[in-house]
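Visitor: Below are the sequence and a predicted model for it; my questions follow.
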Amino acid sequence: RACKEFNFFTWPCAEVLADFVRRNIVPGCDVLEVGCGTGLPGLVAAKCGARVTFSDALVDDSGYWRRVAEVNKIQINYCQIKYYQFEKLFPVDLVLASDLIYHSQESDTDGVLSLITDALSRKQGSKCWLAHQVRSSTHSIADNLLFWDLQARKLESSTSTGHDVNLYEVRRSCGP
């Protein structure tokens, strides 16, 4: 569920993912940041030379992205993409996703994973860097990923923000 009060807060997962992007992004690659909120990971990717499209379920009616582009002296593409409505998706090398899967009434885990699955199916070899905050010692995102034919490889863990954040590389288990 999209919620304006939460969209413009930079969550710990975004900080961890942005740092990983800074160290690992390939300049010139095509990137889609889903559920971007403030867009910190995507902004870092753009500053490092990637072509980034920022997306969220909410319409940018505040002029936020225009101002961000001006301040950072980068070109920004913003596209409203809602879960289960994939007509606006396009082939990308990399999908960025931070703190989109959590266990509460506000999270649409299936919506997030269906969007990531569809995005990864549009280009062979594409991948998703997913930052996930550990909120439970008894629940893992592994079962959710398997349901959507996704496989994850843990890239690193971080407590640099005061929260336990795991960073995964997610790919489709089968097919292109």
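Guide: Structure's in. What do you need?
Visitor: In this structure residue 29 contacts residue 50, no?
Guide: Yes: between residue 29 and residue 50 there is a contact under CB atoms under 8 Å: 5.1 Å. From N, CA and C alone the C-beta is placed, and that goes for glycine too.
Visitor: More neighbours: these two, which one.
Guide: Neighbour count, other CB atoms under 10 Å: between residue 29 and residue 50, residue 50 has more, with 21 against 16.
Visitor: any residues in contact with both of residue 29 and residue 50?
Guide: Counting by CB atoms under 8 Å, 6 or more residues apart in numbering, the common neighbours of residue 29 and residue 50 are residue 94.
Visitor: helix/strand/coil for residue 84?
Guide: The local conformation at residue 84, judged by DSSP: H, G, I helix; E, B strand; the rest coil, is coil.
Visitor: Let me see the contact set for it.
Guide: Per CB under 8 Å, 6+ apart, neighbours of residue 84: 111, 114-115.
Visitor: change it to 6 Å
Guide: Residues near residue 84 by CB atoms under 6 Å, 6 or more residues apart in numbering: none.
Visitor: Starting from residue 28, give me the distance back to it.
Guide: 31 Å (CB to CB, to the nearest Å).
Visitor: For stretch 155-165, buried residues please.
Guide: Of all the residues in stretch 155-165, those buried under the rule 16 or more other CB atoms under 10 Å are 158, 161, 163, 165.
Visitor: which secondary element of this structure has the worst mean pLDDT?
Guide: Lowest on mean pLDDT, DSSP states H and E among the helices and strands of the chain sits helix 4-7, with a mean of 55.
Visitor: C-terminal to that helix, what's the next element?
Guide: Sequence order places helix 12-24 as the next helix or strand after helix 4-7, per DSSP states H and E.
Visitor: What is that following helix packed up against?
Guide: Under the contact definition 3 or more CB pairs under 6 Å, 6 or more residues apart in numbering; DSSP states H and E, helix 12-24 sits against helix 40-47, strand 94-98, strand 127-133, strand 165-172.
Visitor: Off-centre distance for the shortest one?
Guide: The chain centroid and the centroid of strand 94-98 are separated by 3 Å under CA atoms, centre = their mean, to the nearest Å.
Visitor: between that strand and helix 12-24, what angle do the directions make?
Guide: Per axes from the mean of the first three to the mean of the last three CA atoms, to 10 degrees, the angle that strand 94-98 makes with helix 12-24 is 150 degrees.
Visitor: Contacts for strand 94-98, please.
Guide: Residues outside strand 94-98 that contact it (CB under 6 Å, 6+ apart) are 13-14, 17, 29, 31-34, 41-42, 116, 119, 128-131.
Visitor: how close does the residue nearest to residue 164 when sequence neighbours are not counted sit to residue 143?
Guide: Excluding the flanking residues, the one nearest residue 164 by CB to CB, 6 or more residues apart in numbering is residue 134, at 4.0 Å. For residue 134, the distance to residue 143 (CB to CB) stands at 15 Å.
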